[in-house]
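S.K.: the following block contains a protein sequence and its predicted model.
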Amino acid sequence: MATPSHRRSVRKRRTLVVTAAAAAAGIGAGFLVLNANAAGTSVDLSHQTLAARDGWASSGAGTTGGAKADAAHTFTVATRAQLVKALGSGGDTAPRIVEVTGTIDANTDDSGKKLSCADYSAGTGYSSAAYLKAFDPATYGTSKLPSGTQETARAAAQARQGKNVVFRVPANTTVVGVPGTHAGITGGMLQIQGVDNVIVRNLTFAATQDCFPQWDPTDGDSGNWNSQYDAVTLRGATHVWADHNTFTDAPGLDSSDPTYYGRQYQLHDGDLDITKGSDLVTVERNQFTNHDKTMLIGAGAGAGDTDSVGKLRVSIHHNVWKGIVQRAPLARIGQIHIYNNFYDTTDLNGYVLQYSVNSRAKAQVVAEDNYWRIPASQKTSKLFSGDGTGSIAGGGNLVNGTATDLVAAYNAAHSKKLKTTVNWTPTLTAGLETSAKNLPTELATTTGAGVLS
């Protein structure tokens, strides 16, 4: 069966909407959408599937998400409560389409009332002032994680927020923004865990924040505040296609975070993390902006990915990275193909580049035909990074329009060298452009949420 292209515009379609009153009376789950498919017409956005040979997610049976959903498994949602209901409990793995219209605020209750951090901590005994006093390194020390009454209370408050803002996506599901509605999720996380065949498209993920970061005095040389909740997280997931989404911290930028114990009180985790043996993933035509730790592929020791040999196969192409500090991506273990991306490393809203691509823990990365725009003060040796065990192969990468060997630039400035050969050859490369010179212009109007119609 031929796979429809995801680059065609969706046609106009007739829609029957069950009213909220009818839904409340038990007629339909959420808002029911019936599509009138005429023979020979282009499929609508919700039913589009990943094109053949389009990155690792096209491997095997490919990625179709909820394309075969029936009317009972097709929903249009506009509130947090409707989104939770549409996603279901996870036991029903029949193909499912969830169309998001407008912006859903994850920090609301079932009636739509806005919830604050104080609402989540109420009754837990947590107090930020008490927490800071209890674990001040000057008195608590720097050799062990926090424990005791205030840490228990912090964890309880965090878990209460998690119940509200984490949306678990079942297998065989498409979650897609309705064109023209500024569709997205604010303050929430899509969790794609232990399931196969998921599509996430045309959504803006903004301001995903943890009200209750944990202090870890053993993290790094000076300790760090660590938060939960990626905007989208893949944990042991397979066949996932993330396409035409926008990821941003705005309006809650890091520059507005306070500093405690001399370290930034970090409210954000990742944008799109791919861990715990996830596999066969294609990430394309997204915009990543205003964020620090953006994309982690394979977590560290003790997090389940150190033995995921043969997994963590990810394709990342035709994305825009702007105002990103690091992890674009950070790759461990897997076979990662990074091509035709545009990186603008100019400082933006206080987000200052540490590096773009990091290959470590024996990762096998092929990075080719990407474009970096860097300011005059930026060094090309900072664009790649590694731990001495990872590899980055490939060529055709441009820096300000000039072909540049980024591995050589990095290796000349660092003692832990990147390896230059990999143990695999990319073959699922539909859409690969062998010249990166036009990417800044091309991707400006063809990436992120809101450009599909």
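M.R.: Yes, it's here. Numbers count the residues shown, from 1 in each chain.
S.K.: got any ranges where the chain has weak pLDDT?
M.R.: Scanning the chain for pLDDT under 70 picks out the ranges 1-43, 301-307.
S.K.: now residue 255: how far from residue 374?
M.R.: Note on residue 255: its distance to residue 374, by CB to CB, to the nearest Å, is 21 Å. Every residue, glycine included, has its C-beta placed from N, CA and C.
S.K.: same check on residue 223?
M.R.: From residue 223 over to residue 374 the distance is 31 Å, taken as CB to CB.
S.K.: likewise residue 320?
M.R.: Counting by CB to CB - residue 320 and residue 374 are separated by 15 Å.
S.K.: neighbour count winner among the two?
M.R.: Per other CB atoms under 10 Å, whichever of residue 320 and residue 374 has more neighbours is residue 320, with 22 against 19.
S.K.: okay but the more buried one is in contact with residue 448, surely?
M.R.: Yes. Residue 320 is within contact range of residue 448, at 7.0 Å (criterion: CB atoms under 8 Å).
S.K.: show me where the stretch 51-200 of the chain has helices.
M.R.: For the stretch 51-200 of the chain, applying DSSP state H, counting those that start in this stretch gives helices covering 80-87, 117-121, 128-134, 137-140, 149-165.
S.K.: what's next to the shortest one, contact-wise?
M.R.: Contact with helix 137-140 is made by 134, 146, 217, 223, 261, as judged by CB atoms under 8 Å, 6 or more residues apart in numbering.
S.K.: sorry, back to before: common neighbours of residue 320 and residue 448, please.
M.R.: Common neighbours of residue 320 and residue 448, counting by CB under 8 Å, 6+ apart, are 286-287.
S.K.: residue 209 and residue 187: what is the separation?
M.R.: Distance, residue 209 to residue 187, by CB to CB: 6 Å.
S.K.: whoops, I mixed them up, residue 78
M.R.: 16 Å.
S.K.: likewise residue 331?
M.R.: With the distance defined as CB to CB, residue 331 ends up 28 Å from residue 187.
S.K.: what of residue 82?
M.R.: Here the distance between residue 82 and residue 187 works out to 16 Å (CB to CB).
S.K.: how about residue 51?
M.R.: Distance of residue 51 to residue 187, computed by CB to CB: 32 Å.
S.K.: the more surrounded of these two?
M.R.: Neighbours per residue, other CB under 10 Å: of residue 51 and residue 187, the larger number sits with residue 187, 24 against 19.
S.K.: contact partners for the residue most central in space within the chain?
M.R.: Most central in the chain under CA atoms, centre = their mean is residue 272, positioned 1.8 Å from the mean C-alpha point. Taking CB under 8 Å, 6+ apart, we find residue 272 in contact with 230-234, 242, 247, 283, 286, 288, 294-295.
S.K.: those in strands, which ones?
M.R.: Counting by DSSP state E, the part of these found in strands is 232-234, 242, 247, 283, 288.
S.K.: for the residues you listed, which one is nearest residue 400?
M.R.: Comparing the ones in strands among the contacts of residue 272 against residue 400 with CB to CB places residue 288 closest, at 20.3 Å.
S.K.: give the bridge partners for the closest one, please.
M.R.: On the basis of DSSP bridges, residue 288 is bridged to residue 247, residue 321.
S.K.: renumber starting at 758 from here on
M.R.: Sounds good: first residue 758 from here, last item residue 1045.
S.K.: verify the contact between it and residue 1002 for me.
M.R.: No. Residue 1045 lies out of contact with residue 1002 (CB under 8 Å); the separation is 9.1 Å.
S.K.: can you say which two of the contacts of helix 894-897 are spatially most distant?
M.R.: Most distant of the contacts of helix 894-897, by CB to CB, are 891 and 980, 14.5 Å apart.
S.K.: which other helices and strands contact the one helix or strand residue 1047 maps to?
M.R.: Taking DSSP states H and E as the criterion, the element that holds residue 1047 is strand 1044-1050. In terms of contacts (3 or more CB pairs under 8 Å, 6 or more residues apart in numbering; DSSP states H and E), strand 1044-1050 is packed against strand 1003-1005, strand 1077-1083.
S.K.: just those strands: most buried one?
M.R.: Burial of these is given as mean neighbour count (mean count of other CB atoms under 10 Å); strand 1003-1005 ranks first at a mean of 26.
S.K.: from residue 1188, how far off is residue 969?
M.R.: When residue 969 is compared with residue 1188 (using CB to CB), they lie 42 Å apart.
S.K.: more neighbours, the two?
M.R.: residue 969 (24 against 15).
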